[in-house]
Structure formats: structure tokens, C-alpha cells
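Chemist: Output the structure for:
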Amino acid sequence: ILQVHHTIPSGNGDVIRVRFLHVTFDESGVTLAATDHRGNIFIIDLTNRKFWMLPKLCSSSLIAFPPKRKNLLLVGTSNCTIYFVNTELGTKVGILEGHTVPPKQISFSSTGEFCLTAAEQEAIIWNLESNTQAHRLTLRKDVIVKQVFFMPVSDNIIACFQDDAMHVWKFDTFYCVKQI
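Modeler: Numbers count the residues shown, from 1 in each chain. Sure thing, here's the model as predicted:
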């Protein structure tokens with residue numbers, strides 16, 4: 001069992017607990033990334049029993065290790081940008097721009113070549129080979145996305161909305177194959 005405490009000193013000598021906002025494991029399950037509300041990013045190596053802090057970004061809205069990419073972390077931020085951060089060096093090595101509100105969710109295609117990021121009223125599919133938008137899923141303004149992600153194996157895209165509707169699209173054609 002793992003217990004991680006994040007504390008900072010206060011002005012009067014007491015210790016203040018700081019809560020983590022987002023956590024994610026890499027594919028191997030031995031590296032954990034965590035962010036707090038102050039914009040700090042921590043990498044925890046469970047095998048070697050060590051941790052380190054990456055340079056601060058603005059407050060994060062999501063984090064994820066992309067599949068098949070060692071030492072890389074995607075960090076969605078409150079300024080609507082998603083950064084690729086090298087977890088060993090702490091440097092920004094790429095950027096995805098295009099969201100109009102901070103993205104809250106991320107999902108990867110089975111090949112790891114594409115990722116899908118989503119906020120309440122928008123979803124964007126990114127080509128991770130070129131770091132460009134492959135497709136923008138546009139929604140009506142009154143529709144709020146609750147969940148959207150790539151389905152395992154088929155790579156179809158499923159979206160669940162606040163009005164309890166669910167839609168499934170074929171990834172390669174964006175043809176709607178199912179509405180519930």
C-alpha cells in the first residue's frame with residue numbers, strides 16, 4: 001500500500017496539507033505522476049523509491065502518460081493548452097492548442113497515434129505524430145459532454161451527454177453507428 005502526503009510549511013511553523021488534483025500511472029505501472037492545485041507536477045518512481053518535481057505550469061486540468069512513449073507526460077492546463085513534458089528533464093517538448101475551455105478528459109487510440117481530449121462543450125482528436133488537430137467534434141452549445149473516449153479494440157468513439165444520450169461514432173469516418 002502506498003501513502004503519499006504533500007505538505008508545505010505555513011508562516012507560523014505549522015504544516016499545511018496540499019491535495020493532489022490529478023494522478024496517473026504510466027503503462028508499466030511503476031511511475032506515477034501527480035499534480036496539485038498550485039501547478040506543481042510530481043513524478044514518483046515506485047521501483048527506485050524516489051520522486052522529483054517538474055517545473056511549474058499553470059494549474060492542471062488533466063494529466064496522462066501517452067502509450068508507447070517513454071518519459072513523456074501530457075498536461076492539460078487551465079489556459080486551455082496541453083503540454084508534452086519530458087519527465088526526466090522537466091522540459092516542454094510539444095504543445096497542443098485549440099481548446100476554448102480547459103480540457104478535462106483524455107483518451108488514447110489503441111495504436112497510441114491519436115488522442116481525444118474533451119471539455120464540457122468540445123472534443124478534439126489530435127494526431128500525436130504531428131501534434132496537430134485531426135478532427136474537432138463540434139456540439140450544440142446546450143449540450144454538455146459528461147464522458148467521451150476511444151473504445152477499446154474498435155477505436156470507435158463513445159460520448160455520453162448530460163441529457164443521458166449516448167452516441168457512438170466510427171473513428172475513421174465519423175459516421176454515427178449508434179444512438180442511445
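Chemist: doesn't Pro67 make contact with Cys115?
Modeler: No - in terms of CB atoms under 8 Å, Cys115 does not count as a neighbour of Pro67; the distance is 9.3 Å. Every C-beta, even on glycine, is put in place using the N, C-alpha and C of the backbone.
Chemist: With neighbour numbers in mind, choose between the two.
Modeler: Legend: neighbour count by other CB atoms under 10 Å for Cys115 and Pro67, higher for Cys115 (22 against 15).
Chemist: could you point out which element follows the helix or strand containing that one?
Modeler: Take DSSP states H and E as the rule and Cys115 turns out to sit in strand 114-119. Stepping forward along the backbone from strand 114-119, the first helix or strand reached (DSSP H and E) is strand 122-127.
Chemist: Poorly predicted segments of the protein, please.
Modeler: Along the chain, the model assigns pLDDT under 70 to residues 1-3, 5, 138-140.
Chemist: so where do the helices sit in it?
Modeler: For the chain, no helices turn up when DSSP state H is the criterion.
Chemist: Mutual contacts of Cys115 and Pro67, please.
Modeler: Overlap of the contact sets of Cys115 and Pro67 (by CB atoms under 8 Å, 6 or more residues apart in numbering) consists of Phe108.
Chemist: Next one: Pro67 from Thr87, what distance?
Modeler: In this structure, Pro67 and Thr87 are 15 Å apart, going by CB to CB, to the nearest Å.
Chemist: related to what we said a few turns ago, which elements pack onto the strand holding Cys115?
Modeler: Helices and strands in packing contact with strand 114-119 are listed as strand 105-108, strand 122-127, strand 145-150; criterion 3 or more CB pairs under 8 Å, 6 or more residues apart in numbering; DSSP states H and E.
Chemist: what would the ones you listed look like in CSV with distance to His6?
Modeler: Listed next are the helices and strands packed on strand 114-119 as CSV, based on distance: least, CB to CB, whole Å:
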stretch, distance to His6
strand 105-108, 23
strand 122-127, 30
strand 145-150, 28
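Chemist: and the ones you listed as JSON lines, adding mean neighbour count and distance to Leu137?
Modeler: As requested, the helices and strands packed on strand 114-119 are arranged in JSON lines below (neighbours: other CB atoms under 10 Å; distance: least, CB to CB, whole Å):
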{"stretch": "strand 105-108", "mean neighbour count": "20", "distance to Leu137": "12"}
{"stretch": "strand 122-127", "mean neighbour count": "20", "distance to Leu137": "4"}
{"stretch": "strand 145-150", "mean neighbour count": "18", "distance to Leu137": "7"}
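Chemist: follow-up on the earlier one: in the sheet, which strands lie alongside the strand holding Cys115, parallel or antiparallel?
Modeler: Strand 114-119 sits in its sheet next to strand 105-108 (antiparallel), strand 122-127 (antiparallel), going by DSSP bridges.
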